[in-house]
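Asker: make a model of this:
(3 chains)
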Amino acid sequence: MNNSLAVVLIASGIGYGTPLLYASLGELLAERSGVLNLGVEGMMLIGAVTGFWTVQRFHAGTAVALAAAVGIAALAGAATSLIHAFLVITLRASQIVSGLALTIFAGAAGLSSYLGNDFNLAANPARHTFHTVFPASWQGWPLVGPIIFGHNVLVYASWGLVVTVWLYLTRTRPGLNLRAVGDAPAAADAMGINVAAYRYAHTLVGGALAGVAGATFTLAINPQWFDNITGGSGWIAIALVIFAFWRPELCLVGAYFFGALQDLAPELQARGIHLGPTVLWTNALPYLMTIVVLVLVSASSTRRWLGAPAALGTPYVREEG
Amino acid sequence: MRGITKRFPGVVANDDVGFEAAAGEVHALLGENGAGKSTLSNILTGLYRPDEGEIHVYGERVEFHAPRDALDAGISMVHQHFRLVDRFTVAENVALGDHRREGRAFRLRSRAIERRVAELGERYGLAVDPRAHIWQLSVGEQQRVEILKALYLDARILILDEPTAVLTPQEAEVLFGTLRELAADGRTIVFISHKLHEVKAVSNRVTVLRAGRNVATVDAAEATPRSLAELMVGRGLGEGVRAAPREAGEVVLALDDVWADGDRRGAAVKGVSLQVRAGEIVAVAGVAGNGQRELAEAIAGIRPATKGSIRVAGKTPRAGDPRAAIAAGIAYVPEDRLGTGLAPSISIASNFALKSYREPPASTGPLLRLRRMRDRALELIKRYHIAAPGPQVPVRLLSGGNLQKVVLAREFSGRPKMLVAGSPTRGLDVGAIESVHAYLHEAAANGVGILLLSEDLDEILTLADRIAVIYEGQIAGETARADANVEEIGLLMAGGQDPRRD
Amino acid sequence: MVAVPAASLVFAFFASGLVLLATGHDALSSYRRLFDAAFLNRGALGDTLVSATPLAFTGLAAAAAFRMRLFNIGGEGQLYIGAITAAAAGLYFGGSGGPSAFAIAAMVVAGCAGGAAWALIPGILRAFFRTNVIITSLMLNYVAGYLLTYLIFNSQSYWRQTIGFNASVFPTSKQLPNSAIWPAATVHVHGGVALPLGAGFAVLAAGLLWVLYSRTRFGFEANVLGDSARAARYAGMRTRRKILAVMAISGAIAGLGGASQDGDFRHTLDADPNGLQRQFYGYSGIVVAALARYNPLAVLLVAFLIGGLQNAGNTLQGADFPSGLVGVIQGIILFSALGGELLVRYRIRVRRRERAGSAPAAEVT
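Answerer: Alright, predicted model coming up:
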């Protein structure tokens, strides 16, 4: 049973989907405040390289080293997003150009590659990595074994994060204020909410989560370093936020779905199933589905229920009297 | 609350302005557009910081660094353009930004907030469903939400900026009742307006502002609309510009059962029939949002009419094709000057050519003739006395009055048969209003038919030969100016029946 | 006009210098070698042109669309598709024994058509469903990339080499026949600089684009539409048609860049994951366009400078010259250009506000 295609795909979807989940939750928070950050890929790579550097150079027990690595990755991601925040919130630069610049600056041909090369990180595999939390024997249990008990602590933490973000958005005052800042910054400002502060805070949290997402790659999924190790996941994360209608619980579903797609082609091939150009359509599917969802979201009749934060992408300037 | 003084160096929006309002008083701030009312209220609510001056609330000196400080001091404002989050419920909007009492809790207790909003609404006759989403509410209801927001925060001082602009005269009466009740409760109401009769009707005292300065504070009971107007404008008033009755020519615009959709679902214009003759000014009165903009856009071809016919000087231009409407001789001065009527970052010269760039002399084949466009711009800037640094500067740098002149100059230079104007003087100062009115009169005298869509009854009574009232996309009644009666028009604007039909 | 970009360039090199110093490199000598490798060394100029030509195409493509506030960041994918269609045309017509000019012309047309068609997908979605061009065009970059890989690595497509020993060991693409290879003019300075035909097309495209946007009715409409869609509708401009036309032009230029990759430089459809797809020409093109403030003629100049930087990065890459430095410098240049421009605008706005304060009194005419 545990070898059935469905179970294998769900289990690997959770594994591959976890960095997507972290990154998309971070991007979701930033976008809910009105800041579109196209630099997710760059921030992830910074998180990946700094997290990896930490476990290689920081001599401590596995648990401590890994905790430090995740913390440093989060800090580095947040620091990277600070550039974007300053440019678009304080200087009101174009969010698109700034986000792209961030990816070029930090991404596969930028700072992450520079640091990886300069510290010669590609030479060795990771000294500490995340392993499954529960005993191996549990994973033989039908269904729940691989799906529920077969993961590392980053996966379980991400489940907690989904609930936290969901509660934050719907059940707390800061969450309410955040939604107001993203939807109607002028209204929020008039009610004494500091629009810029909310935008800075959530852009930085978004960067931190992208950093963690990157570290997930180098410390768990593929515990080594090479240029462009995230392979475009950052862009999928951006797509995912739209796919999930800016809602955290749907981010989880979408992340695991997109994660499963990444494993679909090899699994099908291993089982000798051929469904046309499998590699092509399984790879392209997340992007094509995002386009379809975007068309649905753009239709005016659904916009108000499902749509993006109304002020997404636009700087807030206090109206001149 | 005593002694608010604000000083600004140089000739700025507010120059040494001050007024006092007592608890339990409705205090009006009267002044024309640009007199500094909005700046003053933005200072009072902490949006702007004064360069000089002091604010005292209940005898205590306060300093506002941010909107939150003003809210904490008990000052709330109802802006002219509501500051509501469309996608939130009433209760969520009311709870927004509250950071005292239950607001200090990290948790959002939706039920408790909804209950309190309902209580407040009941007590002050401001009934709205706390769970309704803002976008489902009418404009009047949205205004109630704004007032509820202030009451929820225990505002002792409530500032309302032109609150009646979006209301019918009858709805305004209800609002005045609420305001008096709130004042009787011991609160202070600051009522900002440029409408004389309202100010006189609702307030105890009136502070008049002119060009950023304090002119006078008078008792409303002792003032007359005329004395207030003279204080506001700073000179004696004539009888107003009333042109001699014109000879109306043939029909240039004939609307027959015109329907058009709104931006949201459903029809916004529902079977309008109207005629405008050459040299005639026909006004369509109505509260904003009753289909005026959609009607104007249908005539201008920007919005397709879904049913009915629009005939211009006997011909029927293709529906929903602005070019066909332009070619048929329709000129359109949209309510949204900067953004629809003009492209903000494009040069003045290009904006003059916005409708004529397709033909000579502005272009030859696919190529533009930039020099000719510039020369033409220079000519129009001179002829219409437009204060502009040059024809190549982006048009957004001009002031409101000059923007409207650019639009009018362009529209008249197309030699139209018919001009549709949507609230052409909204937001302009008295001088600019006078020149816009003069241009409209002049055009009518030259045989252009004019359809004026406006919410301002004073303007309509000054300009129009005939007045039609629009309510929820339908013409509720029509009358010649000579027979016009403000109360009756007000009733029609509110959706009341035309009494003559009974 | 020039001061802000120049100042941001200086600032960028200063900031990147800090990065170098912080990681234990000699900033000055690194820059010296960078500059030599980009422009001064023997053969450097020719190599710089190789890097600059595709950047000019993608930069022009971005500039054409961004001017109308159509944020087409799909230049990357449009370039791939242009390379695919142009390679098909080159293989087909180049092998038919016809004249070389004919094969080249067919590649140009096919590249433009392929890129334009790919760009029209987000264009149509934008025009008819008001879908955000940024996201759709971005998503399609990946689809195009996977398609490119698939054609050579996972299928028996027309582009894939199936004959010969090498082809049976490792998937590879067919070489273009000689008549489909674009000629280059050689200028005899500094040991000879090859001017690729594609560079000539880029200059031509920049000139046409400049005329189009500043001197024609089409450009007038695009400028109005980019500034205010409502004003354009008000003036009777055909909004949808214009969106489609501009997206098609933008995509065609990027697609031509793809054709130039085939014909000028790679002489095959390059699907290698470390080849064309690792250059990120499309994304860098947006940087180029933004630095040039979407002015087509300035795009050429900026593309040349950034091309020099990339070329130098490629040449020097090694133990004492970390890869990735070029991306860092590019990013910082763009950050400082963005920031610098906005700082200047800030100051102007503040000054204007001071003056505007007196306007209401003076305006009563």
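Asker: show me the shaky parts of the chain.
Answerer: In the absence of a named chain, this looks at chain A. Chain A contains residues with pLDDT under 70 at A:1, A:299-307, A:318-321.
Asker: actually, chain C is the one I wanted.
Answerer: Residues of chain C that meet the cut-off, pLDDT under 70, sit at C:1-2, C:319-320, C:345-365.
Asker: confirm residue B:356 sits in a strand?
Answerer: No. Looking at residue B:356 with DSSP: H, G, I helix; E, B strand; the rest coil, it is coil, so not inside a strand.
Asker: now it, nearest residue through space, not along the chain?
Answerer: residue B:362 (5.1 Å; CB to CB, 6 or more residues apart in numbering or on different chains). The way it works is simple: take the backbone N, C-alpha and C, and place the C-beta from them, glycine included.
Asker: burial of the one you found, as a residue count?
Answerer: By other CB atoms under 10 Å in any protein chain shown, 22 other residues sit near residue B:362.
Asker: and if you look at the one 5 residues further on?
Answerer: As a burial measure, residue B:367 scores 13 neighbours (other CB under 10 Å).
Asker: list the contacts of it.
Answerer: C:215, C:216, C:217 (CB atoms under 8 Å, 6 or more residues apart in numbering or on different chains).
Asker: ok, of those residues, which come out buried?
Answerer: Buried residues within the contacts of residue B:367, counting neighbours by 16 or more other CB atoms under 10 Å in any protein chain shown: C:215, C:216, C:217.
Asker: ok, the last one touching residue B:364?
Answerer: Put plainly, it is residue C:217. No. Look at residue C:217 against residue B:364 with CB atoms under 8 Å: they stay out of range, at 9.8 Å.
Asker: how about residue 210: what's its closest non-neighbour residue?
Answerer: Picked chain A for this. Going by CB to CB, 6+ apart, residue A:210 has residue A:43 as its nearest residue, at 3.8 Å.
Asker: my bad, the chain I had in mind was chain C
Answerer: Counting by CB to CB, 6+ apart, residue C:296 is the residue found nearest to residue C:210 once chain neighbours are left out, at 4.6 Å.
Asker: show me the strands in the stretch 101-250 of chain B, by range?
Answerer: B:157-161, B:188-193, B:205-210, B:213-219 (DSSP state E, counting those that start in this stretch).
Asker: worst mean pLDDT among these?
Answerer: Mean pLDDT values for the strands of the stretch 101-250 of chain B show the minimum at strand B:213-219, a mean of 83.
Asker: that one to strand B:205-210, inter-axis angle?
Answerer: Here the directions of strand B:213-219 and strand B:205-210 differ by 160 degrees (axes from the mean of the first three to the mean of the last three CA atoms, to 10 degrees).
Asker: other SSEs contacting strand B:213-219?
Answerer: Judged by 3 or more CB pairs under 8 Å, 6 or more residues apart in numbering or on different chains; DSSP states H and E, strand B:213-219 is in contact with strand B:17-19, strand B:205-210, helix B:225-233.
Asker: deepest of those, which one?
Answerer: Mean neighbour count (mean count of other CB atoms under 10 Å in any protein chain shown) peaks for strand B:205-210 among the helices and strands packed on strand B:213-219, with a mean of 24.
Asker: gap between it and the chain center?
Answerer: 20 Å (CA atoms, centre = their mean, to the nearest Å).
Asker: what do you get for stretch C:114-123?
Answerer: 16 Å.
Asker: so the closest residue to residue B:309 other than its chain neighbours: helix, strand or coil?
Answerer: Using CB to CB, 6+ apart and skipping the chain neighbours, the partner closest in space to residue B:309 is residue B:256 (4.8 Å). Per three-state DSSP, the local secondary structure of residue B:256 is strand.
Asker: quick one, grab the pLDDT at residue B:256.
Answerer: Value for residue B:256, per-residue pLDDT: 94.
Asker: need the contact list for it.
Answerer: Residue B:256 touches B:273, B:308, B:309, B:310, B:311, counting by CB under 8 Å, 6+ apart.
Asker: same check on residue C:95?
Answerer: Counting by CB under 8 Å, 6+ apart, residue C:95 has contacts C:177, C:180.
Asker: that one and residue C:176, how far apart?
Answerer: Separation of residue C:95 from residue C:176 (CB to CB, to the nearest Å): 9 Å.
Asker: do the same with residue B:469
Answerer: 74 Å.
Asker: between those two, which one's more packed in?
Answerer: The neighbour count for residue B:469 versus residue C:176, taken as other CB under 10 Å, is higher for residue B:469 (27 against 24).
Asker: assumed the more buried one was part of a strand.
Answerer: Yes. Judged by three-state DSSP, residue B:469 forms part of a strand.
Asker: what pLDDT is listed against it?
Answerer: 92.
Asker: quick check: closest non-adjacent residue to it.
Answerer: residue B:492 (4.0 Å).
Asker: the stretch 301-450 of chain B: strands as residue ranges?
Answerer: Ranges of strands in the stretch 301-450 of chain B, per DSSP E, counting those that start in this stretch, are B:305-312, B:330-333, B:363-364, B:367-368, B:418-422, B:449-454.
Asker: tell me which of those strands lies nearest to residue B:24.
Answerer: strand B:449-454 (35.9 Å; CB to CB).
Asker: ok, the closest one near chain C or not?
Answerer: No. Judged by CB under 8 Å from any CB of the partner chain, strand B:449-454 and chain C are separated, with a smallest distance of 15.5 Å.
Asker: where does chain B have its least confident helix or strand?
Answerer: One helix or strand of chain B scores below all others by mean pLDDT, DSSP states H and E: strand B:4-7, with a mean of 54.
Asker: wait, isn't residue A:79 in contact with residue A:207?
Answerer: Yes. Assessed by CB under 8 Å, residue A:79 is found in contact with residue A:207 at 7.4 Å.
Asker: show me which of the two is the more surrounded one.
Answerer: residue A:207 (34 against 16).
Asker: out of everything not next to it in sequence, what's closest to the more buried one?
Answerer: Closest residue to residue A:207 apart from its sequence neighbours, by CB to CB, 6+ apart: residue A:81 at 2.6 Å.
Asker: for the closest residue to chain A within the stretch 251-365 of chain C, phi and psi?
Answerer: Proximity of the stretch 251-365 of chain C to chain A (CB to the nearest CB) peaks at residue C:331, 2.2 Å away. Residue C:331 adopts backbone torsions of phi -60, psi -50, taken as degrees, to the nearest 10.
Asker: ok, it - how many residues close by?
Answerer: When neighbours are counted by other CB under 10 Å, residue C:331 comes out with 28.
Asker: swap in residue B:430?
Answerer: Close neighbours of residue B:430, defined as other CB under 10 Å, add up to 17.
Asker: the one 5 residues further on too?
Answerer: For residue B:435, the neighbour count with other CB under 10 Å is 18.
Asker: dump the residue contacts of the residue nearest to residue C:185 when sequence neighbours are not counted.
Answerer: The shortest distance from residue C:185 to any non-neighbouring residue, by CB to CB, 6+ apart, is to residue C:195 (4.6 Å). Residues in contact with residue C:195 (CB under 8 Å, 6+ apart) are C:49, C:184, C:185, C:186, C:187.
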